[in-house]
Every structure is written in structure tokens, then in C-alpha cells.
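> Compute the structure for the input listed below.
(chains A and B)
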Amino acid sequence: MKKWFEPFSTAWNGVVTHKLRSFLTMLGIVIGVAAVISLMSIGRGTTAQILANIESMGSDLVTIRPGAFTFGGVRGGTAQTLTQEDAAAISEQVAYIDLVAPSYSANLQLVVGSENMNTQVTGVTPEYQAVQNLEIANGAFFTEYDYQRGTKVVVLGSNVKETLFGDADPIGQQMRMGTIIVRVIGVLESKEGMMGSPDDGILIPLTALQQAVAQPRTAQGERVVSSIALTVSDEEQADHVVDEITSLLRTRHRLGPGVDDDFNIMSMEEIASTISEVTGTMTLLLGAIAAISLLVGGIGVMNIMLVSVLERTREIGIRKALGARERDIWIQFLLEAAFLTFAGGIIGVIVGWAVSYMVSATGFMTTLVTADIVILAVSVSVAIGLFFGFYPAWNASRLNPIEALRSE
Amino acid sequence: MIKLQDITKVYPMGKRELTVLNGVTLHIEQGDLVAIMGPSGSGKSTLLNLIGCLDKPTSGNYYLEDREVSRLSSGELAKVRGQKVGFIFQTFNLLPRLSALANVELGLRYSGGGDRHQAMEALGKVGLSDRANHRPTELSGGEQQRVAIARALAKNPPLILADEPTGNLDSRSGEEIISILTSLHSEQGITLLVVTHDANIAHQCQRIIYLKDGQVVAEEKV
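So this is what the prediction gives:
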């Protein structure tokens, strides 16, 4: 009735009667598994965080910026090649585009009472809010009506609001921006720690900005913009849209064959897939490094089991004299090895989890322990036990009982 | 019970061969109490190992309870050992980390069953019920050998083999062991083979077989 249980209790006895040795053997596996769990969780966490950031910017976002142009081999700095007319043309002629938001940025001095700061002021169209996925923390964004009339209203980035107003409510307050007076109507929700974060800038209708700074014009008389952001209605078509825009802009800018683009197009979709590819490789690399320590732990198990078999030759002889078959002996030793690595795996998961929790707690990195990593680590450690335990166990089972009994 | 026909056992020793048993023919009936004597190197232990199915003969036939066992695979031999044979060794061969009771249970473990109750009963037969939870190191030599007897006995084998069971004991403990063995034999009708150097012990048996240079040289009925 309890027969099926006996090999397990025998193996368990083998483990607990050699406590120190079992502990040291397990330690190798514990460290290996803990390393796999914590390193993989760091890799996964980082990936997830980066992708979440990109998601918050909108994965359907495509941004066009003027590129550095070269003329006769001389690099001419940042070109003023993109124009509001380009934006209008894209909006009219390229398919699968939702919204187009050209913007022009300038650095201006802001003054409120005794506080002042120099920051980037971006003149935008009302579509900019939807295109950039901006949330309003307080107040409102300006409207199409404000844009048409060139109303001097601004929306502040959260850091700017903090610097100029502290804890006070800025809505309705007047401030000086360069040469004009503007009224604050909203504050943006913070998007911390992101590239091109809107936290440090302020937004104003492009038409209003034109009253404070002179927007340059190209030779053809088109109004220069700093960038054009747009959203794609179908993310599947992002590549296609990028190609269309490229050929449209090349035509508009009269770039002949063999001449480099005078603009850069960045699609979030593309960036996201590149980043997840890179971080995926990084996670795999971290996992591989950790796997090596797990492998070393496995070799430790084999080493200990070989010694254990040698040391217990007499026990094996006795068991055989009592009628143990080869199978009984090798199951006993294999189970012992599997026990050690399984227990080591479980403890390793707990330790690894604790480590990744602590790493998260420091705030430098985000970690993510997922079920698949845990299951993988534990099953790999058991598999290592079975693999590295097999040879010693097989050795043990093949011992000649008479010689085994004679050994000391 | 036991029928050996022209058994030889040859061990390779480097390039030469060492003939340990050289044509042993032997019949032992059910319920016999037999002593095997002979000088060192005469092949006593090898003979006992062959009878106990720990080893296979190089040639010859061995029938245990009318079954030819000399050509069985190692797995089948292990099964025969577990069910038919109880061993008692000169050096006791108990597992030092297990209690007396657990050692006796180990004897049942590979014989296809039995429980703690049966193990306790066997310990009772050798008068060690009260020491069941002691480890071998906490027991005297005589007590250890009694645990070993209980281990051999617990599974009720038809055959018990003792290889110089008193060799490591003082004479008083030795006599105790022999009296336990002889009374088990007379009460339970177990077939009992004892390898010994001690003529006194041999003369408490029914039959004495003398071995020399791997051959049976004499037999004596007591």
C-alpha cells in the first residue's frame, strides 16, 4: 500500500542524514536558480518599463524632424527644411493618417512675479494633444477656436509649473513669455523619465507664438516648423506610411536621386520593436550567464553524488544483499539528487524573488518575475539533478554486492 | 532444498586465474542445520555467497527449491535473495545511521512487503524489543548481531546463511548468538548454513561439511 512511497522516504533519509553536505550541494543550485530568476526579472522588468514608456507616448506615433543636410560635403547643422505646408500636404495626400501636428519650438524667458526661467516654448496645433497622448492634470488644453484667433494662452509642463508657481494654482494666472503676456489655462500630467518629456516645456497655439517670435520662412516662402508629429490610423501600415511620406517630402523638397533625405522619420512602432529586440537579447544574455552558474551547481551535485556513492559503497552492498535490485539502488540515488536540486530550486526561487524585490526597491531598476521564468528555473534545476545524478546513480547500481560488502 | 552439481568458481587475477571452487557437489535438505568448516582460502565464503545468490558460479548447476538459479540475471537473483535468503555477516553490516527497528524494516523493504509490526515481532524473537530505537553504535556487538538476525528473520525466509556470525564477538555473546540460531532452527524449521572456524559451534549442528582448496573433502553427521 505504501510501497510507492518507500523510494522517496529512503531518498529523503539520505538527504537528512547528511545535512551539511546536502546543504552545500543545494547551495550551488540555490545560487544558480536565484541568479537566473533575479537577472531574468531585471531584463524583463527593463523591457516592460521601456515598452510601457513607448506605449504612453503612443505606439501609433510617427515623428518627422529636419535632418542635418550636407551641401558639397559641408555639413550644415540642423536644417530648416520642414514646413507647415509639408504638414498640410502629408495630411492631404498620404493614406492611413489620423492626425498631423506640426510644431515650432523656441527658447523664451518666462517671468512670474519674482520667479523666472528660460525654457522651450512649443507652438502647436490643437491636434498636438491627441497626437502626443498628453493628459491634462489641471485646467484644459486650448481649442481650435483659440488656435484660429491666436489667443495667448499656454499649457505648462509639470516641472515648469513647479518652478514658477510651486504649490499655488496657476490656472488663470498671467505670466510674461518673451515679449508677450500669456494666460495659463492648463497643466500637463507628468510623464517622468522619458525622452522628449513634455514636463520641462510649455505649449502655446502656434498662431500665438508667431506674435512673440518670428517664424522663419524658406526660400519658397513656406513657414518653417521644428517637427511634424502624426498618428497612423492603422499601425500595421506604419512602414507603408513612412515610405509614402518619404517620397512625398523628397518630391516637395526637390531632392534628386542620390541626394540624402533632409529629414528624419521616426516611427514608434519601429522603435518599440527595435528596443524589444535589443532588450530581449540582453535578457537572454543575462539568463545565459546565470545558466552557467546553474550548470556549475549541477556539476557540484554530480561531484557530491559520486563521493556519496563511494562513501556508501557498503550500504549499497548491504541493500543488495537484502534483495535490492539495480533499479532500486539507482532510483534511490537519482531521487536523492532530484530532491536536492528540487529543494535548491524552490529555495533559489525564493532568494531570487527576494533579490529582484530588493533591486526594485532601490528604484534604479524595475524587475518583473513572471511565472514562466519560475517554472523554467525550477524544472531546469530538477532536470540538472536528474542529468548529473544519473551517472553516479548508475555507478552505484552496478556495484558488485560482494565487493561492496567488503569495502570499508 | 539446495542442490549443487559440480560447481566451479574461477576469478581472473590479472593474467592468471584463481580457482576458488573446484567441482563442489552438495545436497542440503529442507530444515537442515549445516556447518561449513575449512581453513582460510578454502572457498567457504565463496560457496556461501553462491548459495545466497550474491554471485554466480563459473560452471555447474545450482537448484534452489528445484529452480535452476545459476544462470539468472542479476535482477532475478536480487529477487531470489530478497524472498528466499537471510544473510548474517561476521561484521553485522547494519546501517549505522538507522535505528535497530529501521534496520530490520530494511530487510523487509526489498522482499516485497511487511510492516513495522512484523519488524517489531522479529526484534522480539531476538529479545531486543526494548532497544528498537537505539542506533547500532549504541548497542553491544552481541546486540548488533541480534539485530542482524532479526533483519534476516523478519521476512521469514526458508534459508538463512551465517558467515562466521560469532567471529567478531566475545565467547559469551557468541554462545548467545548460537543458541538463538539453533533455537530458531528447531522452532521454525528454517534451513540454516553456518560458516565457522569454531569446532564447538560446528558440533552443535546436524551436519559438518569440510572444505579444502575449493573441494568438499569430508562430511560428518553429528
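> okay, CA-based contacts and neighbour counts for the rest of this
Will do.
> Strands along chain B, start to end?
B:2-13, B:16-28, B:33-37, B:59-64, B:67-68, B:85-88, B:159-163, B:191-195, B:207-212, B:215-221 (DSSP state E).
> Make TSV out of those strands and add mean neighbour count and distance to chain A.
Shown next, in TSV, are the strands of chain B (neighbours: other CA atoms under 10 Å in any protein chain shown; distance: least, CA to the nearest CA, whole Å):
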stretch	mean neighbour count	distance to chain A
strand B:2-13	17	13
strand B:16-28	16	15
strand B:33-37	25	19
strand B:59-64	19	16
strand B:67-68	12	18
strand B:85-88	27	7
strand B:159-163	23	11
strand B:191-195	24	16
strand B:207-212	20	20
strand B:215-221	14	21
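> could you dump those strands to TSV with mean pLDDT?
Listed next are the strands of chain B as TSV, based on pLDDT from 0 to 100:
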stretch	mean pLDDT
strand B:2-13	92
strand B:16-28	91
strand B:33-37	94
strand B:59-64	94
strand B:67-68	92
strand B:85-88	94
strand B:159-163	94
strand B:191-195	94
strand B:207-212	94
strand B:215-221	91
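> which one of the ones you listed lies closest to residue A:309?
The closest of the strands of chain B to residue A:309 is strand B:85-88. By CA to CA, the value is 22.7 Å.
> Can you tell me the SS state at residue A:65?
Residue A:65 falls in the strand class when you classify it by DSSP: H, G, I helix; E, B strand; the rest coil.
> Tell me how many other residues crowd residue A:293.
Neighbours of residue A:293 under the rule other CA atoms under 10 Å in any protein chain shown: 20.
> What helix or strand is it located in?
helix A:268-311 (DSSP states H and E).
> just how off-centre is that helix within its chain?
20 Å (CA atoms, centre = their mean, to the nearest Å).
> Stretch A:223-238 now?
Distance, centroid of stretch A:223-238 to centroid of chain: 24 Å (CA atoms, centre = their mean).
> Endpoint to endpoint, it covers what distance?
Terminal residues of stretch A:223-238 lie 27 Å apart, using CA to CA, to the nearest Å.
> ditto for stretch A:261-277
Span of stretch A:261-277 from end to end, CA to CA: 26 Å.
> Pull the distance from it to the chain's centre.
With CA atoms, centre = their mean as the basis, stretch A:261-277 stands 16 Å off its chain's centre.
> ok, residue B:49 - contacts?
Residues near residue B:49 by CA atoms under 8 Å, 6 or more residues apart in numbering or on different chains: A:402, B:55.
> one step back: name the helices or strands packed onto the helix holding residue A:293?
helix A:19-57, strand A:61-66, helix A:326-362, helix A:371-397 (3 or more CA pairs under 8 Å, 6 or more residues apart in numbering or on different chains; DSSP states H and E).
> If you tally nearby residues, what's the number for the residue nearest to residue A:119 when sequence neighbours are not counted?
Spatially, and ignoring its direct neighbours in sequence, residue A:119 is nearest to residue A:107 (5.3 Å; CA to CA, 6 or more residues apart in numbering or on different chains). Residue A:107 sits with 14 neighbouring residues when counted by other CA under 10 Å.
> give me the element residue A:107 is part of.
strand A:97-112.
> With residue A:91 instead?
Judged by DSSP H and E, residue A:91 forms part of helix A:84-93.
> now the angle between strand A:97-112 and that helix, please.
150 degrees (axes from the mean of the first three to the mean of the last three CA atoms, to 10 degrees).
> what packs against helix A:84-93?
Packing contacts for helix A:84-93, counted by 3+ CA pairs under 8 Å, 6+ apart, involve strand A:97-112, helix A:238-252.
> The residue of chain B found nearest chain A: neighbour count?
Proximity of chain B to chain A (CA to the nearest CA) peaks at residue B:82, 3.8 Å away. When counting by other CA under 10 Å, one arrives at 27 neighbours for residue B:82.
> Residue nearest the middle of chain B, spatially speaking?
Nearest to the mean C-alpha position of chain B, counting by CA atoms, centre = their mean, stands residue B:161 at 1.5 Å.
> which residues sit in contact with it?
Per CA under 8 Å, 6+ apart, neighbours of residue B:161: B:48, B:52, B:85-88, B:192-194.
> Apart from its chain neighbours, what residue comes closest to residue A:267?
Nearest one to residue A:267, counting by CA to CA, 6+ apart, is residue A:62 at 4.3 Å.
> Could you count how many residues lie near the one you found?
Using other CA under 10 Å: residue A:62 sits among 24 other residues.
> With the one 3 residues further on instead?
For residue A:65, the neighbour count with other CA under 10 Å is 20.
> so what's it up against?
A:82, A:226-228, A:263-265.
> what's the answer for residue A:391, then?
residue A:302.
> Kindly report the same for the one 10 residues further on.
Under the criterion of CA under 8 Å, 6+ apart, the neighbours of residue A:401 are A:316-318, A:320-321, B:54.
> Can you give the distance from stretch A:215-234 to the centre of its chain?
Per CA atoms, centre = their mean, the centroid offset for stretch A:215-234 relative to its chain is 31 Å.
> Kindly report the same for stretch B:39-53.
That offset, for stretch B:39-53, works out to 10 Å (CA atoms, centre = their mean).
> buried ones in it?
B:42-53 (16 or more other CA atoms under 10 Å in any protein chain shown).
> if I look at the residue in the stretch 151-300 of chain A that chain B sits nearest to, how far off is residue A:268?
Ranked by CA to the nearest CA, the top residue of the stretch 151-300 of chain A for proximity to chain B is residue A:300, at 24.4 Å. To residue A:268, residue A:300 is 47 Å away according to CA to CA.
> before we move on, back to that, out of the strands of chain B, which comes closest to residue A:221?
Short answer: strand B:2-13, nearest of the strands of chain B by CA to CA, at 106.6 Å.
> what does that closest one rub up against?
Residues contacting strand B:2-13 (CA under 8 Å, 6+ apart): B:17-30, B:51, B:57-66.
> And that strand, how far out from the chain middle?
For strand B:2-13, the distance to the chain centre is 18 Å (CA atoms, centre = their mean).
> Sheet partners, orientation included, of that strand?
strand B:16-28 (antiparallel), strand B:59-64 (antiparallel) (DSSP bridges).
> And these: which comes nearest residue A:17?
The nearest among the strands paired with strand B:2-13, by CA to CA, is strand B:59-64 at 38.2 Å.
> quick revisit: after the helix holding residue A:293, heading C-terminal, what element do we hit next?
Heading C-terminal from helix A:268-311 (DSSP H and E), you reach helix A:313-321.
> Check whether that following helix comes near chain B.
Yes: interface with chain B: helix A:313-321 contributes A:315, A:318-321 (CA under 8 Å from any CA of the partner chain).
> got the angle for that helix vs helix A:326-362?
Orientation check (the same axes, to 10 degrees): helix A:313-321 against helix A:326-362 gives 130 degrees.
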